[in-house]
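*Asks:* sequence and predicted structure below; questions after.
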Amino acid sequence: MAAMGEARDFGAVEDDGGLEESSPAQQFMHKLSMRYVQIKDSFAPHTGARWAATGVLFFLYCLRIYMVNGWYIVTYGLGIYILNLGIGFLSPASDPATDGTVLPTAEADEFKPFVRRLPEFKFWHSTTRAIVIAFFLTFFSAFNIPVFWPILVCYFIALFVMTMRRQIQHMIKHQYIPITLGKPKFKGKADSAE
């Protein structure tokens with residue numbers, strides 16, 4: 001029995017405040033993770049080059065699908081996923097239909113920038129990662145499920161048209177354009193007199 005004032009140890013490990021030594025595998029994974037984030041962050045300012053590289057990667061994926069003549073379900077899944085990402089990219093972060101927020105429609109209104117539900121960098125990163133994963137899946141025959149691919153193409157086109165029509169109607173109804181072509185230029189008093 002423990003004497004008065006002594007703490008009893010019921011098999012508990014001594015608490016070091018969360019500063020226990022990590023295993024070598026955890027340290028390696030942490031370093032690998034930090035390196036991945038560092039490389040990913042270094043690509044952030046190079047928008048055009050990022051999308052060009054993703055386009056080349058997508059072209060190589062399409063070439064692989066054409067050459068092996070299969071993996072249409074993987075390609076269909078990739079298309080649906082990228083379509084879903086695209087909708088998130090084109091949608092505002094706060095939906096005017098449910099939140100009641102109104103985007104500015106006149107010059108007198110306060111300027112509110114278009115804030116996307118899915119930022120461009122995350123859209124690019126998720127798209128690129130999905131293409132790499134889909135490319136990787138084409139090396140495993142378990143994912144080559146036989147389907148009649150023209151039906152998948154027709155279904156994807158129909159889904160794309162219906163989804164984009166709904167998105168465009170939402171843009172028209174709430175008067176917003178998700179593409180910014182530069183900083184807005186307002187006319188001053190001197191410019192409006194001309």
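*Replies:* That came through fine. Numbering: from 1, shown residues only.
*Asks:* how about low-confidence regions in the protein?
*Replies:* Residue ranges of the chain with pLDDT under 70: 1-20, 96-97, 99-113, 180-194.
*Asks:* determine the longest helix present in it.
*Replies:* If you go by DSSP state H, the chain has its longest helix at helix 149-174.
*Asks:* so how far is that one from its chain's centroid?
*Replies:* Averaging C-alpha positions (Cα atoms, centre = their mean, to the nearest Å) puts helix 149-174 19 Å from its chain's average.
*Asks:* can you give me the helices in this structure?
*Replies:* 24-43, 47-68, 72-90, 96-99, 120-137, 149-174, 189-192.
*Asks:* dump those into JSON lines; add mean neighbour count and distance to Phe143 as well.
*Replies:* Every residue, glycine included, has its C-beta placed from N, CA and C. As requested, the helices of the chain are exported to JSON lines (neighbours: other Cβ atoms under 10 Å; distance: least, Cβ to Cβ, whole Å):
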{"stretch": "helix 24-43", "mean neighbour count": "10", "distance to Phe143": "25"}
{"stretch": "helix 47-68", "mean neighbour count": "13", "distance to Phe143": "11"}
{"stretch": "helix 72-90", "mean neighbour count": "18", "distance to Phe143": "5"}
{"stretch": "helix 96-99", "mean neighbour count": "10", "distance to Phe143": "38"}
{"stretch": "helix 120-137", "mean neighbour count": "16", "distance to Phe143": "5"}
{"stretch": "helix 149-174", "mean neighbour count": "12", "distance to Phe143": "14"}
{"stretch": "helix 189-192", "mean neighbour count": "8", "distance to Phe143": "60"}
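*Asks:* how far away is Tyr76 from Gln27?
*Replies:* Distance of Tyr76 to Gln27, given as Cβ to Cβ, to the nearest Å: 40 Å.
*Asks:* got it, and Thr138?
*Replies:* Noted for Thr138: a distance of 34 Å to Gln27, by Cβ to Cβ.
*Asks:* in this structure, which residue is closest to the centre?
*Replies:* Against the mean C-alpha coordinate of the chain, by Cα atoms, centre = their mean, the closest residue is Phe123 at 3.2 Å.
*Asks:* looks like Phe156 contacts Gly79 (just checking).
*Replies:* Yes - when contacts are counted by Cβ atoms under 8 Å, Phe156 is listed as touching Gly79 (5.3 Å).
*Asks:* might you report the residue contacts of Ile145?
*Replies:* Contact analysis of Ile145 by Cβ atoms under 8 Å, 6 or more residues apart in numbering lists Ile73.
*Asks:* actually Pro92, sorry about that
*Replies:* Leu103, Phe114, Val115, Arg116, Arg117, His174, Tyr176, Pro178.
*Asks:* same question for Val68.
*Replies:* For Val68, the contacting residues are Thr138, by Cβ under 8 Å, 6+ apart.
*Asks:* if I look at it, how far off is Leu78?
*Replies:* In terms of Cβ to Cβ, Val68 sits 15 Å off from Leu78.
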